[in-house]
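A.B. asks: Got a predicted structure plus its sequence, pasted below:
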Amino acid sequence: RGALGCRYLLCEIVSEDPRCRQCIDERAVSAAAKDAVARTHGDYGLACCSISFTVKYLNAYTGIVLLRCRKDFYRLLWSALPFVTYLENRNQRYSCFFNTLHVGGTIRTCQKFLVQYNRKQLLLLLHNCTSEGRGNRSNTNESSQFRGIYIRHCCFQRCLKWIPTLLPAWKKCFSKYWKVLDNHWEEERSF
Amino acid sequence: MVERGAGRGSQPAAFDRIVFKNASEHHYMRVCVEFQEGGIRLNAAHFKQLVISALKELHGEVGAALPVDVLTYEEKTLSAILRVPSSGLVKLWSALTLLGSYQNRKCAFRVIQTSPFLLALSGNSRELLLD
């Protein structure tokens, strides 16, 4: 099991342009990462990182990407990721940056981290929304925040389904939050 | 690491021993460049640019940022003495080995001598002529 050592880099693609999400696909992300490694570490770095390089998981809604590479060369890839400045797809370029969240030795550890991270993000977004008060719902900023929460909620649910075993404690803890989110979404749709 | 000779009774310390673990923080290389077509002149700045472009091709921006110094350069023989930090010796040597062309002209680097001490490059027993 330790012979073919791999490292999994969990990254988040952050972009100001909301159209960047439709550009996030496996080919664009892998081309951007390889191009950054080629610029930063040359032919040697490109060859080393390409040995078993794949995009293992991709979520266009939240911009989460899981990259895999060899254990011996994960530092080359990791140090080259901040040099990615844009994603290109079908001759459309959207500027963005990669934010590395976690480095793990197995997919399972990255999954666990991702669920924790999504949970924290969900709480943050929920906290930000309720602190603005029940003001004018047609305010675009608030509606986009709600949309953001709903998208995170869906992805969080999908993430939870991803893990085969679900701790009952989490279900209890989050059932009330899900009810709150569903209520908010219902209210927004009724306007 | 400094050791003092243990004095017994009222005898003072007899010696100081200072030990350096690292051999040297820089490595020095005597290299020369050969072009396939003769009669090519390079000045020192072009030579350094040649070395940096070789590093950039093989090792990227990080390699090109390696602090390589050209200590001496002879335009007639196209040979030079380079200094590089010891951690970057492998990167520099591999980059020079794999450099194939410069401005569409074929060339090759020959590494004549390399040593962690500059003094060792002053004599070369390979080129010694014994009459």
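C.D. replies: Sure, I can see it. None of the values given here were measured: they were computed from a predicted structure.
A.B. asks: Can you classify the one residue in chain A that gets nearest to chain B by secondary structure?
C.D. replies: Using Cβ to the nearest Cβ, the single residue of chain A nearest to chain B is residue A:42, 3.4 Å away. The C-beta positions use only the backbone N, C-alpha and C, and glycine is treated the same way. Here residue A:42 is helix, with the state taken from DSSP: H, G, I helix; E, B strand; the rest coil.
A.B. asks: so which helix or strand takes in the closest residue to it other than its chain neighbours?
C.D. replies: Closest residue to residue A:42 apart from its sequence neighbours, by Cβ to Cβ, 6 or more residues apart in numbering or on different chains: residue B:60 at 3.4 Å. Residue B:60 is located in helix B:44-64, with elements delineated by DSSP states H and E.
A.B. asks: Now do that helix: distance to the chain's middle.
C.D. replies: 14 Å (Cα atoms, centre = their mean, to the nearest Å).
A.B. asks: Please work out which residues outside the helix or strand following that helix touch it.
C.D. replies: Counting by DSSP H and E, the next helix or strand C-terminal to helix B:44-64 is strand B:69-74. Outside strand B:69-74, the residues within contact range by Cβ atoms under 8 Å, 6 or more residues apart in numbering or on different chains are B:28, B:44, B:47, B:48, B:51, B:79, B:80, B:81, B:82, B:83, B:84, B:118.
A.B. asks: What separation is there between the second one and chain A?
C.D. replies: Just to be clear, that refers to residue B:44. Look at residue B:44 and chain A: by Cβ to the nearest Cβ, to the nearest Å, they are 24 Å apart.
A.B. asks: OK, contacts around the residue of chain B found nearest chain A?
C.D. replies: Residue nearest to chain A within chain B: residue B:60 (3.4 Å; Cβ to the nearest Cβ). Contact partners of residue B:60, counting by Cβ under 8 Å, 6+ apart, are A:37, A:38, A:39, A:40, A:41, A:42, A:44, A:45.
A.B. asks: and if you look at residue A:68?
C.D. replies: A:6, A:7, A:8, A:9, A:52, A:53, A:54, A:55, A:56.
A.B. asks: Now do the host helix or strand of residue A:47: which elements does it pack against?
C.D. replies: Residue A:47 is part of helix A:26-49 when elements are defined by DSSP H and E. In terms of contacts (3 or more Cβ pairs under 8 Å, 6 or more residues apart in numbering or on different chains; DSSP states H and E), helix A:26-49 is packed against strand A:54-59, strand A:64-70, helix A:74-80, strand A:86-89, helix B:44-64.
A.B. asks: Go again with 6 Å.
C.D. replies: The contact analysis (3 or more Cβ pairs under 6 Å, 6 or more residues apart in numbering or on different chains; DSSP states H and E) places helix A:26-49 against strand A:54-59, helix A:74-80, strand A:86-89, helix B:44-64.
A.B. asks: what's the neighbour count on residue B:112?
C.D. replies: By the criterion of other Cβ atoms under 10 Å in any protein chain shown, residue B:112 has 14 neighbours.
A.B. asks: what about residue B:120, is that helix, strand or coil?
C.D. replies: helix.
A.B. asks: Check it and give its pLDDT.
C.D. replies: Residue B:120 carries a pLDDT value of 88.
A.B. asks: can you confirm residue B:12 is in a helix?
C.D. replies: No: counting by three-state DSSP, residue B:12 is not found in a helix; it is coil.
A.B. asks: That one: neighbouring residues, count only.
C.D. replies: Residue B:12: 7 neighbours (other Cβ under 10 Å).
A.B. asks: same question, residue A:37
C.D. replies: That count, for residue A:37 with other Cβ under 10 Å as the rule, works out to 27.
A.B. asks: One more: residue B:11?
C.D. replies: 9.
A.B. asks: Contact residues of chain B facing chain A?
C.D. replies: B:58, B:59, B:60, B:61, B:62, B:63 (Cβ under 6 Å from any Cβ of the partner chain).
A.B. asks: can you pull the contacts of the first one?
C.D. replies: Right, the one you point to is residue B:58. A:42, A:43, A:44, B:95, B:98 (Cβ atoms under 6 Å, 6 or more residues apart in numbering or on different chains).
A.B. asks: Done for today, thanks.
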